[in-house]
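# Sequence first, predicted coordinates after that:
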Amino acid sequence: MSKIVSPRPSMTASPSLEQDDQTPHNISLKVMRLTRPQLTTTLPVYYESTDKTAFIEGLDSLNISDLTASHPIDGKSQDVQIRDYGLSQMLLLPSTFGTIYLGENFSTLISVNNESTAPAYVVGTKIELQTSSQRFVLSDNTSSPMAHIKPKDSYNITVSHEIKELGIHILVCSVQYNAPHGRKRFFRKFYKFQVTNPLAVKTKLNNMIDGRVFLEAQLQNVSQSPMFLERMKFEPSEYFQFEDFNDIIDQTDGSKEGVSVFGDGYIHPQDVRQYLYMLSPRNSHNDRISRTTNALGKLDIVWRNYMGDLGRLQTSQLTRKTPMLEDLEVQPFWLLDGPVRIILETSFRLGIRIKNHSGQNMKLVLSAIKTKMGSVLLSGLNSRQLGEVVSGESIETHLEFFPLTPGLQRIGGLKILDLLSGYTKDIDHVCDIFVLTNPHESVV
């Protein structure tokens, strides 16, 4: 337990009682934070005890009186012991208030002491926690106060609260009691402490043309001590489903092994980890909302500090800049499953899916602009009727292309025209392909 240093008592008036500081109070307050002890760090002296010299005998006697001071090395044991990490088997109580991080449980002991020679009657206490935006009542027995506290006796209150806000927090302790001869007395004390962030979370987004979103979350330990990451979970919004790309994949059957790509969950101070998630529309048939919404989901992070204390941090809603949704969306797809090999001066077929995102029906015509097609030309007719496409629906067509140049090439130079409204869309880039010079060439 570490004592909280309190500032000078405030003179702020209570709604029913006024601060009484004209004469010393019979009751005093002590506020101590409840934290776990730490392992004591040591710099032991290792020595061989084979030769019994005066120096060795002195170290032996020191080893008996202080287990952390020196250690004899007997034999050639390779067993790793706790002393080899510079730690002893003794615990050290904290001497300072320490640092409070967002997401931790703040626990404190309030001791109400009667330091006078006379009893205090009808003792009521109220413990509150004031943040920048809210005020929480942690304990209040003013409606049913203690009958009395004997001289030199004390009354202890333990309170706990999960910290969910950054910035300055103030623990407000109010005490009211009746002194001898029935005089009512009241005082209030304020204990201020700062809450800091243990983790820094940064996100990066990549919106794909088919509605998928790749979310990269960067997590950094900005606290002063290592932590064990117990859970890193993404909770998508109602319009998305997601796939976690942070587990090792079994190469035999493609299933996830349940093992993180980072190995263990330990994160040292200032260490950074990057997590990747793929979001896709939950309803593929009506995905207009998921394509235009800016709400993606939340990150739920649970960790433990080096002594096992639990902390939890949930981010606010992760958002993105609302993408512009065009009236027509063009997606390429291969007609055959498995790997595709495109050979120089050999025609190949590619599927094109066109979806109508506008609020009205369209009658579409697909045509080619040969001056913009580059080294991959469209075979057959330069223009074809696709027919009518209802709002929110899609239509598919198969195109045949002829590559003229090997290597990485672009497919584009297409145009779509709506005969009903006159709307046109130029498709300069459909996809990229790699053209091989012969069927036996391999791609490294």
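Structure received.

# how about stretch 219-232: buried residues?
For stretch 219-232, a neighbour-count test (16 or more other CB atoms under 10 Å) marks 219, 220, 221, 223, 227, 229, 232 as buried. The way it works is simple: take the backbone N, C-alpha and C, and place the C-beta from them, glycine included.

# first to last residue in it, what's the distance?
Taking CA to CA, to the nearest Å, the first and last residues of stretch 219-232 lie 10 Å apart.

# what do you get for stretch 153-172?
22 Å.

# average pLDDT across it?
Average pLDDT, stretch 153-172: 92.

# Out of the buried residues of stretch 219-232, list just those in strands.
219, 220, 221, 227, 229, 232 (DSSP state E).

# The first one pairs with what?
Beta-bridge partners of residue 219, counted by DSSP bridges, are residue 201, residue 273.

# surely it meets residue 199?
Yes: judged on CB atoms under 8 Å, residue 219 makes contact with residue 199 at a distance of 6.0 Å.

# shared neighbours of the two, anything?
Common contacts of residue 219 and residue 199 (CB atoms under 8 Å, 6 or more residues apart in numbering): residue 301.

# Excluding sequence neighbours, find me the nearest residue to the most centrally placed residue in the chain.
By CA atoms, centre = their mean, the chain has its centre lying nearest to residue 301, at 4.4 Å. Spatially, and ignoring its direct neighbours in sequence, residue 301 is nearest to residue 313 (4.7 Å; CB to CB, 6 or more residues apart in numbering).

# my guess is that neighbour contacts residue 103, does it?
Yes: with contact defined as CB under 8 Å, residue 313 counts as touching residue 103 (4.1 Å).

# Can you report how many residues neighbour residue 333?
Using other CB atoms under 10 Å, the number of residues around residue 333 comes to 12.

# swap in residue 311?
21.

# who does the one helix or strand it maps to touch, helix- and strand-wise?
Residue 311 is part of strand 310-314 when elements are defined by DSSP states H and E. Secondary-structure packing of strand 310-314 (3 or more CB pairs under 8 Å, 6 or more residues apart in numbering; DSSP states H and E): strand 295-305.

# just for the stretch 151-300 of the chain, where's the confidence low?
251-258, 284-286 (pLDDT under 70).

# go with 80
By pLDDT under 80, the weakly predicted segments of the stretch 151-300 of the chain are 209-210, 249-260, 263, 283-289, 291.

# which stretches of it form strands?
When secondary structure is read from DSSP state E, counting those that start in this stretch, the stretch 151-300 of the chain shows strands at 154-162, 167-178, 184-196, 199-207, 213-221, 227-236, 240-244, 247-249, 256-260, 266-267, 272-281, 295-305.

# Show the secondary-structure elements that the longest one is packed against.
Spelled out, that is strand 184-196. Looks like strand 184-196 contacts strand 27-33, strand 100-101, strand 167-178 (3+ CB pairs under 8 Å, 6+ apart).

# ok, and for that strand, which residues are buried?
Quick answer for strand 184-196 (16+ other CB under 10 Å): 185, 186, 187, 188, 189, 190, 191, 193, 195.

# quick check, distance from the strand holding residue 311 to the centre of its chain.
8 Å (CA atoms, centre = their mean, to the nearest Å).

# Rebuild the buried residues of strand 184-196 as a markdown table, extending it with distance to residue 98.
Listed next are the buried residues of strand 184-196 as a markdown table, based on distance: CB to CB, whole Å:
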| residue | distance to residue 98 |
| --- | --- |
| 185 | 33 |
| 186 | 31 |
| 187 | 27 |
| 188 | 25 |
| 189 | 20 |
| 190 | 19 |
| 191 | 14 |
| 193 | 9 |
| 195 | 12 |
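
# Report the two of these separated the most.
Across the buried residues of strand 184-196, the longest distance by CB to CB is 32.6 Å; it joins 185 and 195.

# how close does the nearest residue to residue 299 once chain neighbours are set aside sit to residue 203?
Among residues not flanking residue 299 along the chain, residue 315 sits closest, at 4.5 Å (CB to CB, 6+ apart). In this view, residue 315 and residue 203 are 9 Å apart by CB to CB, to the nearest Å.

# and if you look at residue 301?
13 Å.

# ok, residue 358 - how many residues close by?
By other CB under 10 Å, neighbour count at residue 358 equals 16.

# Equivalent analysis for residue 407, please.
12.

# Could you give the bridge partners of it?
residue 435.

# For whichever strand or helix holds residue 366, buried residues please.
For residue 366, the host element (DSSP H and E) is strand 362-368. Of the residues in strand 362-368, 362, 364, 366, 368 count as buried by neighbour count, 16+ other CB under 10 Å.

# Which member of those is positioned nearest residue 179?
Comparing the buried residues of strand 362-368 against residue 179 with CB to CB places residue 362 closest, at 86.7 Å.

# Leaving out sequence neighbours, find the closest residue to that closest one.
According to CB to CB, 6+ apart, the nearest residue to residue 362 is residue 418 (4.5 Å).

# pLDDT at the one you found, what is it?
Residue 418 carries a pLDDT value of 92.

# mind listing what it touches?
362, 363, 364, 424.

# Identify the bridge partners of the second one.
By that I understand residue 363. Bridge pairing for residue 363 - DSSP bridges - gives residue 388.

# got a list of what residue 385 touches?
Here residue 385 is in contact with 364, 365 (CB under 8 Å, 6+ apart).

# That one and residue 296: what is the separation?
For residue 385, the distance to residue 296 - CB to CB - is 39 Å.

# about what we covered before: of all the buried residues of strand 362-368, which two lie farthest apart?
Top of the distance list for the buried residues of strand 362-368 (CB to CB): 362 and 368, 19.2 Å.

# if I read this right, residue 113 contacts residue 30, doesn't it?
Yes: using CB under 8 Å, residue 113 makes contact with residue 30 at a distance of 6.6 Å.

# Can I get the contacts of residue 418 in JSON lines including distance to residue 395 and pLDDT?
Formatted as JSON lines, those follow (distance: CB to CB, whole Å; pLDDT from 0 to 100):
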{"residue": "362", "distance to residue 395": "9", "pLDDT": "92"}
{"residue": "363", "distance to residue 395": "11", "pLDDT": "92"}
{"residue": "364", "distance to residue 395": "7", "pLDDT": "93"}
{"residue": "424", "distance to residue 395": "17", "pLDDT": "92"}
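
# Which pair in these has the greatest spatial separation?
Farthest apart among those by CB to CB are 363 and 424. That separation is 12.9 Å.

# just the strands in the stretch 301-444 of the chain please.
So, for the stretch 301-444 of the chain - with DSSP E, counting those that start in this stretch - the strands run 310-314, 318-319, 328-333, 342-343, 348-356, 362-368, 376-378, 383-389, 394-403, 407-411, 414-418, 424-427, 431-436.

# residues near residue 142, how many?
15.

# Give me the nearest residue to it, chain neighbours excluded.
For residue 142, the spatially nearest residue (CB to CB, 6+ apart) is residue 124, at 3.8 Å.

# any residues touching whichever strand or helix holds the one you found, and which ones?
Counting by DSSP H and E, the element that carries residue 124 is strand 120-130. With contact meaning CB under 8 Å, 6+ apart, strand 120-130 is reached by 26-27, 106, 110, 112, 114, 135-143, 145-149, 155, 157, 159, 161, 169-179.
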